[in-house]
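>>> sharing a model prediction with you, sequence too.
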Amino acid sequence: MANNYKSFEMFFRRFLLILAFILPTSLLFAGDPDNDTLRAQTPSVEKVEPKSEKFNAGELIIDHISDSHEWHIAGHIAVPLPVILYSSRGLSVFLSSHLEDGTRGFKYEKLKDGSHKMIALGANGVEDEAVTSTVWDLSITKNVLSIFITMALMLWIFLSAAKAYKRSPGVAPKGIQSFVEPMILFVRDDIAKSAIGEKKYARYMPFLLTIFFFIWLSNMLGLIPFLPGGANVTGNIAVAMTLAAIVFIITLFSSNANYWRHILAMPGVPIGVLVLLTPIEIFGMFLKPFVLMIRLFANILAGHIIALSFFSLIFIFAEMSTGVGFGVAIFSVAFTIFMGMLELLVAFLQAYVFTLLAAMYFGSATEEHAHAEHH
């Protein structure tokens, strides 16, 4: 048990170092909101007119899955988040509620191609293109806030577990320990050891634990409505790309001579075949992190879209007839609950698959090949 405690303490220290690297890197890419509108804290006059606009399911879905400069709770209730901009004017910090009227010299506008852009306004209220080209958006958006919440939750879980182990070494786990220890053993025995090997798995455990718990907890928090954690974090392609890029970089730095030999000039293959095979292997090396990114991004995003689509059917049919809306609501709510239960499984499954594939990439990069045995 003492050895297990020392191993856990070593893994946990590395875990914190990797956590400190991964999360700020994700924040750099995650803070790119793409929201159709920035709602004010109070309902506008236009929204209380007798004739309301038709329900737009597409806007509802895009509004939910996209990043935003505000945390939307329900209806017209939204909490503005801090906007942090650095430009040739210097550092500007204010709440996102000022973006709509441009009173702080900046405005977040939708362009003709559907994308969004942070625009710097001049004294006359017209875009100042010279300043706009220098704007760096470091704002605390919905996804960034959710990442902070996940980070705080992970630190609380593992610091509490570490203190419990230190306070009562050799005692059977209880409380938060009984939750953390089986998950750590699962990642160690069923992922790291099986994919990397008994001799080399330990050096990758802190990263694998970090990536597993980060994806899992982010996915779980994304299923909680009305909370900042309800953001679509891993369904954001920037976050998924950052995680996949980190896996790719670790794979390259971990690779040995045998790994590159099998990519650039596979032993035993005629030179004529290598002309075709080597470019394919090089392309496959870059394709792996791309597939890793798409698998995580697409699965989480699709789950949110499907659940919201079922929910939107209630309002679509209610516009035709109130009775039909109530009838459809029974089936829509049932399907939405079913999708919610399914996403609980997907939340864990995607964390497992991403971590397993990362471990397999590390294992292939560090594997020692015995070509005589192959023959």
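Received the coordinates, thanks. Numbering: from 1, shown residues only.
>>> touching, Y204 and Y361? I think so.
No: counting by Cβ atoms under 8 Å, Y204 stays clear of Y361, with 10.2 Å between them. (Each C-beta comes from the backbone N, C-alpha and C, glycine too.)
>>> helices along this protein, start to end?
Here the chain has its helices, by DSSP state H, at 2-30, 57-65, 129-132, 142-167, 176-186, 193-196, 205-221, 237-254, 257-264, 271-320, 322-366, 371-374.
>>> mean neighbour count, those helices: which tops it?
helix 205-221 (a mean of 23; mean count of other Cβ atoms under 10 Å).
>>> average pLDDT for it?
Averaging pLDDT along helix 205-221 yields 92.
>>> which elements pack onto it?
Here helix 205-221 touches helix 2-30, helix 142-167, helix 176-186, helix 237-254, helix 322-366, going by 3 or more Cβ pairs under 8 Å, 6 or more residues apart in numbering; DSSP states H and E.
>>> among the ones you listed, show the one with the smallest mean pLDDT.
Confidence, taken as mean pLDDT, is least for helix 2-30 of the helices and strands packed on helix 205-221 (a mean of 49).
>>> now do the contacts for P289.
Counting by Cβ atoms under 8 Å, 6 or more residues apart in numbering, P289 touches 244-245, 247-248.
>>> nope, A351 is what I meant
211-213, 215-216, 219.
>>> likewise for K174?
A164.
>>> how near is it to A130?
K174 is 62 Å from A130, where distance means Cβ to Cβ, to the nearest Å.
>>> could you list the low-confidence segments of the stretch 51-200 of the chain?
Regions of the stretch 51-200 of the chain meeting the criterion pLDDT under 70 cover residues 51-53, 74-75, 112-115.
>>> switch to 80 and redo it
Within the stretch 51-200 of the chain, the segments meeting pLDDT under 80 span 51-66, 72-78, 100-102, 109-117, 123-125, 168-173.
>>> take the helices of the chain and lay them out in a markdown table including distance to L85.
As requested, those are exported to a markdown table (distance: least, Cβ to Cβ, whole Å):
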| stretch | distance to L85 |
| --- | --- |
| helix 2-30 | 15 |
| helix 57-65 | 23 |
| helix 129-132 | 10 |
| helix 142-167 | 14 |
| helix 176-186 | 39 |
| helix 193-196 | 43 |
| helix 205-221 | 26 |
| helix 237-254 | 18 |
| helix 257-264 | 43 |
| helix 271-320 | 27 |
| helix 322-366 | 33 |
| helix 371-374 | 57 |
